[in-house]
Each structure stands twice: as structure tokens, then as C-alpha cells.
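>>> Sharing a model prediction with you, sequence too.
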Amino acid sequence: MSQKVIKYIGRTTDFRGNTLWELVGSLPDWGVGRMLIRNMFQRYPEPCYMRILKVQAVDEKPNEERKVRVLVEKTWRGVKQPKPVEIYSTSYKADYELVPTEEEHKYLQNAKQVQPVILPTKIEFPPLLREYIKDETGAANPLMNVHFKKTHNKQARLAQPGEKPTLQVSMDLGQPKPVSAKLYEGLL
């Protein structure tokens, strides 16, 4: 008799853990004051965790995932967010874990922080557009201004006057790897 083969069909997920409703529903006082982690964010070396401030149940809708509205104090990649964050739209995902109180010190004592990225204020145009602008304006090396929307969880900013950017943006081909250098012979 042959072995029965199980074949899974559909999308797979990297989530592991419980939904927020499952976690806070089983805790006294809805878990206010307890620490949560989202497993998806544990890939970073900096600590990512949330402390529950307030929980609000939401009316259940038939044939939909059970959601809950949770207000948390969020620390993402070692940087504490200035304002509390509301989790609602992702509360149905089975990716949350409750941190045992005796293990909270591991997250609190981890002092690593993500290093901010300093972006240049001007970058080159793409090659074809650069040639077109050169023909139209006569400018030797036209540059475009960088527009960057600052939000509370982005760890990047535009360089101040006189400050050197940490990220260099280039529109050229770059330097080929030594293995593929022979493909570029006579072109560069």
C-alpha cells in the first residue's frame, strides 16, 4: 500500500503565534501593562516590542476574522515611538506573542538602536532624461531635488546644509563584479 501524500494548496504564511484577540482575551484586565512582540519584527537585531496601554473590543462581524482595538506604546528597532500606536487592522494576524514577565528584561536591556540614514538633498537624473534636459537647458550636469516624507517610524532624513549623506544614490551602471567584468569589456 502506498503512502498517503498530503499536498497543501493556497498561500503560505510566515506567521507564528496567536491573534491579539486570543492573547488579550485570556489575560486579567485585558493584559494592560504587559509586553507583546510581533514575530515578524524579530528578524531585526534591535529590540521590537509593544506594551499594552488600552484594549477595546470591537463588534464581531459574521464570516470575518475577530479583531480588537489595542493602544500600545511601541518600540521599533530600539526607538520608542513618541505617541501611542493603535493596532486594529493587523490584530487578526496570528503573529503576536506575549512576553513572560521574567523575560521582559531581555528586551528592555537591549540598547541597540537602528542607525539613521542621511539622504542626499539632490541626485542625478536617469541617463536618458539627463541627456534630454542637457539638450533643452544646456546645463552640464542637471540634478533633481529629493523629496522625502518624514514619518515617526522612518529612520531616514535629508542631509542638513554642510552635512555628508550616509547613503549615496547613483544612476550609473556601477562597478561590475569581478566575475562578470569580462562581459563589460570595451563598454565602460
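Thanks, I have it. Numbering: from 1, shown residues only.

>>> Mind pulling up the pLDDT for the spatially closest residue to residue 164 that is not a sequence neighbour?
Spatial nearest neighbour of residue 164, excluding adjacent residues (CB to CB, 6 or more residues apart in numbering): residue 118 at 7.4 Å. All C-beta spots, glycine's among them, are computed from the backbone N, C-alpha and C. Listed pLDDT for residue 118 reads 89.

>>> now residue 118, what's its secondary structure?
Under DSSP: H, G, I helix; E, B strand; the rest coil, the three-state class of residue 118 is strand.

>>> just for the protein, where's the confidence low?
1, 152-153, 172-179, 187-188 (pLDDT under 70).

>>> returning to what we had before: in the sheet, who's paired with the residue nearest to residue 164?
Beta-bridge pairing for residue 118 (DSSP bridges): residue 157.

>>> What spatial separation is found between it and residue 45?
Noted for residue 118: a distance of 20 Å to residue 45, by CB to CB, to the nearest Å.

>>> The helix or strand harbouring residue 55 pairs with which strands, parallel or anti?
Per DSSP states H and E: residue 55 is located in strand 49-57. If you go by DSSP bridges, strand 49-57 pairs up with strand 35-38 (antiparallel), strand 68-76 (antiparallel).

>>> can I get these in TSV with distance to residue 141 and mean neighbour count?
Converted to TSV, the strands paired with strand 49-57 look like this (distance: least, CB to CB, whole Å; neighbours: other CB atoms under 10 Å):
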stretch	distance to residue 141	mean neighbour count
strand 35-38	45	20
strand 68-76	39	19
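
>>> Which of residue 118 and residue 45 has more residues huddled nearby?
Between residue 118 and residue 45, counted using other CB atoms under 10 Å, the more crowded position is residue 118 (16 against 11).

>>> Show me what counts as buried in the top helix by length along the chain.
Assignment by DSSP state H gives helix 127-137 as the longest helix of the chain. Of all the residues in helix 127-137, those buried under the rule 16 or more other CB atoms under 10 Å are 130, 133.
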